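A.B. asks: I'll drop the sequence and a predicted model, then ask my questions.
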Amino acid sequence: MRDNQDSAQTSREVLAITGKGGVGKTTFTAILAKILAADGVNLLAVDADPPVSLTYALGAQPTKTVGDMRSRLIEDPAEKRKFNERHTRDVVRDEVLIELDGMSLLVLGRAEGPGCYCGLNQLLKFGIESLTEQYEITLIDCEAGIEQINRHVIDSISKLIMISDATMKGLQTAAYLKDIASKHGVMGPYETGLVINRAGEGVEALVQKACEMGMDVLGVIPPDENVAAYDRVGRPTIELPDDSPSVVAVREILKGLRRAR
């Protein structure tokens with residue numbers, strides 16, 4: 001964690017990235033983290049998807065997770081006593097936070113199971129709520145679908161970014177996520193935006209349709225063979241070259257987000 005994290009940030013942003021499975025939300029999050037870290041942003045990345053895809057995309061290993069901490073709390077009375085004596089923020093920071101080059105990483109890990117002392121997603125929520133106060137930007141790679149929105153895991157966010165592939169089904173899912181967040185999940189005020197990933201010819205019609213569905217299109221990302229090649233061999237997304245088409249596109253999307261601040 002950087003030295004200036006102990007001082008309060010004058011402003012902070014929490015960006016939650018969601019969408020249906022397979023649309024590329026983890027790739028988008030990892031590229032966004034790559035750009036922000038290179039820009040020197042005081043950054044926290046949260047891998048809130050149980051398969052820990054973001055962790056691998058950032059070139060890390062899930063050596064410490066909230067799930068592991070939860071298991072210790074259940075199985076070890078001494079750990080439970082220590083937890084009760086300390087602020088949840090401090091427990092998460094000291095026991096779970098992973099320091100990477102240019103950013104900190106919080107990994108959710110295993111899904112919630114029976115017999116828990118304190119709900120896994122509730123622990124993650126407390127950790128996020130307190131840790132985000134010490135970072136300029138927090139990126140949350142949410143699990144696919146609406147579960148974490150329904151569980152109020154991501155209450156305090158600045159922007160909910162829905163990722164869609166270049167299909168009507170993807171747009172419909174994104175619109176549904178936006179509606180669920182508005183009616184049942186995320187507390188305001190926050191903004192929403194849509195990114196269309198792997199967008200080839202004919203994307204203009206999808207952009208128009210998304211606008212008609214009431215979604216603010218932040219940008220489109222073209223197909224990128226580098227992403228596919230890295231995925232095939234298990235190379236971390238964060239190592240993509242700066243001139244890779246997806247990195248260039250995400251950088252433009254980020255510029256738009258910054259202009260809107």
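C.D. replies: Great, that's in hand.
A.B. asks: how about the strands in this protein?
C.D. replies: Under the criterion DSSP state E, strands of the chain are mapped to 13-18, 43-47, 98-100, 103-107, 137-141, 159-165, 191-197, 217-220.
A.B. asks: Looking at these, which is nearest to His87?
C.D. replies: strand 103-107 (15.6 Å; C-beta to C-beta). Heads up, the C-betas are built off the backbone N, CA and C, glycines and all.
A.B. asks: Give me the mean pLDDT for that closest one.
C.D. replies: Averaged over strand 103-107, pLDDT sits at 94.
A.B. asks: what's the answer for stretch 201-213, then?
C.D. replies: Computed over stretch 201-213, the average pLDDT equals 94.
A.B. asks: Which residues does it contact?
C.D. replies: Residues outside stretch 201-213 that contact it (C-beta atoms under 8 Å, 6 or more residues apart in numbering) are 164, 166-168, 171, 174-175, 194, 196, 199, 217, 220.
A.B. asks: top of those residues by neighbour count?
C.D. replies: Ser164 (30 neighbours; other C-beta atoms under 10 Å).
A.B. asks: ok, Glu191 touching Lys159?
C.D. replies: Yes. Contact criterion C-beta atoms under 8 Å: Glu191 and Lys159 qualify, at 4.8 Å.
A.B. asks: Quick check, Gly219 in contact with Glu252.
C.D. replies: Yes. With contacts counted by C-beta under 8 Å, Gly219 reaches Glu252, the gap being 6.0 Å.
A.B. asks: Can you pick out the residue with more neighbours from these two?
C.D. replies: Applying other C-beta under 10 Å to Gly219 and Glu252 shows that Gly219 carries more neighbours, namely 20 against 14.
A.B. asks: Kindly state the beta-bridge partners for the more buried one.
C.D. replies: In this entry, Gly219 is beta-bridged to Val195, by DSSP bridges.
A.B. asks: quick one, what contacts it?
C.D. replies: Gly219 neighbours (C-beta under 8 Å, 6+ apart): 195-196, 249, 252-253, 256.
A.B. asks: In JSON lines: those residues, plus pLDDT.
C.D. replies: Output for these, formatted as JSON lines (pLDDT from 0 to 100):
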{"residue": "Val195", "pLDDT": "97"}
{"residue": "Ile196", "pLDDT": "97"}
{"residue": "Ala249", "pLDDT": "98"}
{"residue": "Glu252", "pLDDT": "97"}
{"residue": "Ile253", "pLDDT": "97"}
{"residue": "Gly256", "pLDDT": "93"}
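A.B. asks: Where do the helices of the stretch 151-261 of the chain begin and end?
C.D. replies: 168-184, 203-212, 225-233, 245-259 (DSSP state H, counting those that start in this stretch).
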